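# Have a look at this prediction, sequence included:
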Amino acid sequence: MEPQPTPAPTAAHAIETVFRLESPRVIAGVARIVRDVGIAEELAQDALVAALEQWPRDGVPDNPGAWLMATARHRAVDLIRRRETYARKLREIGRDLSLSAPPPYDEPADPDDIDDDLLRLVFTACHPVLSPEARTALTLRLLGGLSTAEIARAYLVPEPTIAQRIVRAKRTLAKKNVAFEVPYGPDREARLGSVLDVIYLIFNEGYAATAGDDLLRPGLCEDALRLARVLSALMPKEPEVHGLTALLEFQASRTAARTGPDGEPVLLKDQNRRRWNRMLIARGIRALDRAGATASGAPGPYALQAAIAACHAHAYHYEETDWRAIATLYGLLAARAPSPVVELNRAVAVSMADGPAEGLKLVDALTAEPALRDYHLLPSVRGDLLARLGRAAEARAEFERASALTRNERERQLLLSKLHSLPVH
C-alpha cells in the first residue's frame with residue numbers, strides 16, 4: 001500500500017521522533033563507509049532534510065528508520081564516487097593523490113570482532129584522545145540524539161561552548177586519524193573503561209545536578225540508561241557493562257521518590273519506598289546476575305557499586321538496610337578502585353553499622369585530601385555525624401561550609417534546613 005500524505009505538523013513530529021531514535025544507527029552505518037563521524041553526521045542531517053521535504057508530501061514511510069538509513073548511505077556512496085572521480089582526474093593530469101578513498105566497509109570477518117556499527121560509534125565518540133567533557137558532549141550528540149541546545153541546557157553552559165566542544169572533538173578524531181573500530185585485546189579493556197565512565201558521568205549529572213535550580217534532570221538519566229542497555233546488548237560477555245547497567249537501573253528506580261511535590265530533595269531514609277520502581281529494580285537484579293555470570297575473577301568497580309545499590313533495593317524499609325554488608329562492599333570497592341569519594345561513602349556506611357564516632361574517624365582522615373577540598377559532601381557528611389554525636393556547634397559550621405560550596409540550589413536549601421534544625425545552646 002502506498003503511504004498517504006501526512007499533514008505537515010504530524011510529519012514534522014514523526015520526523016523529530018524517528019530521527020532522535022534512529023540517528024545513532026544512521027550515523028554509525030554511514031561512518032563505517034566514510035570513516036569520519038563528522039561527515040557521517042552531516043550526511044545523516046542531509047537525510048533528515050530530505051525527510052522534511054518528502055514525508056509531508058508523500059507520507060511517512062512504513063519503516064522510517066530504514067528510509068533514513070538508505071538515504072544517508074546513498075549520499076555516502078555518492079560522496080565516495082565523487083572523491084574517486086576527482087582522484088582519477090588528478091591522476092590523469094599527473095598529480096599525486098593526497099586524499100585516498102576509504103577502505104571498503106565489508107571487511108574480513110574476525111572471530112574477535114564485534115560487527116556492529118553502533119558499537120564502533122560508541123568507542124569512537126568515547127576515544128581517550130578526547131577530553132572527558134568532549135567525550136560526554138559528543139556521545140550525547142551522536143548517540144543520545146540530543147541537539148547542541150539540549151546538551152547546553154542540561155549542563156548549564158552556554159550553547160556556543162558545547163558547539164565548540166563538539167566541533168573540536170570531530171576535528172580531533174579526524175586529525176588523529178582515529179579508526180572507526182572496536183579495539184581488540186588489552187586496548188579494548190582500556191577503551192571500554194572510557195566508554196563506561198562517560199555513560200556514568202551523563203547519568204550522574206542527571207541524577208544529582210551539579211548546579212542550577214533542580215536536583216534532577218531525568219532526561220539525562222534516561223539517555224544514559226538507554227546507552228547502557230544498548231551497550232549491554234552489544235557486549236553481552238563484558239561483566240562491567242552489565243555491572244554499570246545494573247547500577248543505573250537500581251539508581252533510576254528511586255527517581256520518583258527522591259524529590260517532593262515542589263522539587264525539594266527527599267533523603268534516602270525519608271523516601272517512600274513504595275514509589276521505587278520495582279520493574280527497574282528487577283531489571284537491575286537481572287543485570288547484576290549477568291555481571292556475576294560473565295565475570296572470570298573478582299567483581300569490577302561498577303558491579304560492586306551495583307551490589308551496594310542492590311542492598312538498598314532489597315530493603316523495603318530503611319531500618320532493614322544491611323549497612324554492614326554495604327560497608328564491606330565499600331571496602332572491596334576502595335581496594336579495587338581507591339578514591340577519596342569511595343572512602344567518604346564507606347565512612348557513611350561504617351557510621352550506620354558501627355556508630356557515628358567510627359564514621360567520623362574515617363571522615364576526619366579525609367579532611368586533608370586535596371580532591372575533596374571543594375567537595376560539598378565532605379562537610380555535609382561531617383555535619384551529619386557531628387549532629388548525631390550531639391556536637392551541634394561544630395555541625396552548624398560544617399553545614400554552613402557545605403551550603404557555601406554547593407552550586408545546586410535545591411541542595412543548598414536542604415543543607416540550610418539541616419543547619420536550622422540544630423539545637424541552639
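Right, received. Where do you want to start?
# So which bits of the helix or strand where Leu360 lies are buried?
Leu360 belongs to helix 356-364 when assigned by DSSP states H and E. The neighbour-count check on helix 356-364 (16 or more other CB atoms under 10 Å) flags 356, 359-360, 362-363 as buried. All C-beta spots, glycine's among them, are computed from the backbone N, C-alpha and C.
# Take that helix, keep the C-alpha atoms, and write them as CSV.
What follows is helix 356-364, C-alpha atoms only, in CSV (Å, rounded to 0.1, in the frame of the first residue of the first chain):
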residue,chain,number,x,y,z
PRO,A,356,28.8,7.9,64.2
ALA,A,357,32.0,8.0,66.1
GLU,A,358,33.6,5.3,64.0
GLY,A,359,32.4,7.0,60.8
LEU,A,360,33.8,10.4,62.0
LYS,A,361,37.2,8.9,62.4
LEU,A,362,37.2,7.9,58.7
VAL,A,363,35.9,11.3,57.6
ASP,A,364,38.4,13.2,59.7
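# which other residues reach the helix or strand following it?
Per DSSP H and E, helix 356-364 leads on to helix 377-388 as the next helix or strand towards the C-terminus. Helix 377-388 is contacted from outside by 344, 347-348, 351, 356, 359-360, 363-364, 366-367, 372, 392, 394-399, 401-402, 405, 415, 418-419, 422, using CB atoms under 8 Å, 6 or more residues apart in numbering.
# returning to what we had before: JSON lines please, covering the buried residues of helix 356-364 and showing pLDDT.
Below are the buried residues of helix 356-364 laid out as JSON lines (pLDDT from 0 to 100):
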{"residue": "Pro356", "pLDDT": "97"}
{"residue": "Gly359", "pLDDT": "97"}
{"residue": "Leu360", "pLDDT": "97"}
{"residue": "Leu362", "pLDDT": "97"}
{"residue": "Val363", "pLDDT": "97"}
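# Can you tell me which of these lies closest to Leu304?
Leu362 (18.1 Å; CB to CB).
# can you tell me how far the closest one sits from Pro340?
Relative to Pro340, Leu362 is positioned 11 Å away (CB to CB, to the nearest Å).
# ok, Gly193 - contacts?
Gly193 touches Glu240, counting by CB under 8 Å, 6+ apart.
# In this structure, where is pLDDT below threshold?
Applying pLDDT under 70 to the chain picks out residues 1-11, 14, 84, 86-115, 154, 156, 208-217, 425.
# and the two most separated of the buried residues of helix 356-364?
Taking CB to CB, no two of the buried residues of helix 356-364 sit farther apart than Pro356 and Leu362, at 10.8 Å.
# Show me the common contact partners of these two, please.
Overlap of the contact sets of Pro356 and Leu362 (by CB under 8 Å, 6+ apart) is empty.
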